[in-house]
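Asker: Pasting the sequence and the predicted coordinates here, then a few questions.
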Amino acid sequence: MTVTSIAGVDVDLNEEGFLTDSSQWTEDMAVEIARGEGIDPLTDRHWEVIRFMRAEYEAKGTGPTVRMLGKTSGVPVKELYQLFPKGPAKLAAKIAGIPKPRGCI
């Protein structure tokens, strides 16, 4: 585990760079994490996915897979890959401050 400062807050990250405590997440952190992943700025569509990911995690204890994300978020899979080119479910989860969804490599 690594402690780092994101948007002025010290947080613990796992070996893949995901927050270990999703309750520490803020929208300012999301902007900084996204920038570090090459996404700048975050558009309204990005935020739609990020907020959806957080809601799903809070409701179900895990983030949705890319297939489920495409079916239930209102954002088609093709667009998800345009918004989050390095892997939509994994990257959106990282930016949203939640653990990597099951099935993501």
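Answerer: Yep, it's here.
Asker: wait, doesn't Leu80 sit right on Lys86?
Answerer: No. The criterion here is C-beta atoms under 8 Å, and Leu80 misses it with Lys86 at 11.4 Å. Where you see a C-beta, it was placed from the backbone N, CA and C, and this is true even at glycine.
Asker: between these two, who's got more neighbours?
Answerer: For Leu80 versus Lys86, the count of surrounding residues by other C-beta atoms under 10 Å is larger for Leu80: 21 against 11.
Asker: picking that back up, now do the shared contacts for Leu80 and Lys86.
Answerer: Overlap of the contact sets of Leu80 and Lys86 (by C-beta atoms under 8 Å, 6 or more residues apart in numbering) is empty.
Asker: could you say what helices and strands the longest helix belonging to the chain packs with?
Answerer: Ordering each helix of the chain by length in residues (DSSP state H) puts helix 44-60 first. Using 3 or more C-beta pairs under 8 Å, 6 or more residues apart in numbering; DSSP states H and E as the contact criterion, the elements in contact with helix 44-60 are helix 66-72, helix 77-83, helix 88-96.
Asker: any idea of the mean pLDDT for it?
Answerer: Regarding helix 44-60, the rounded mean pLDDT is 97.
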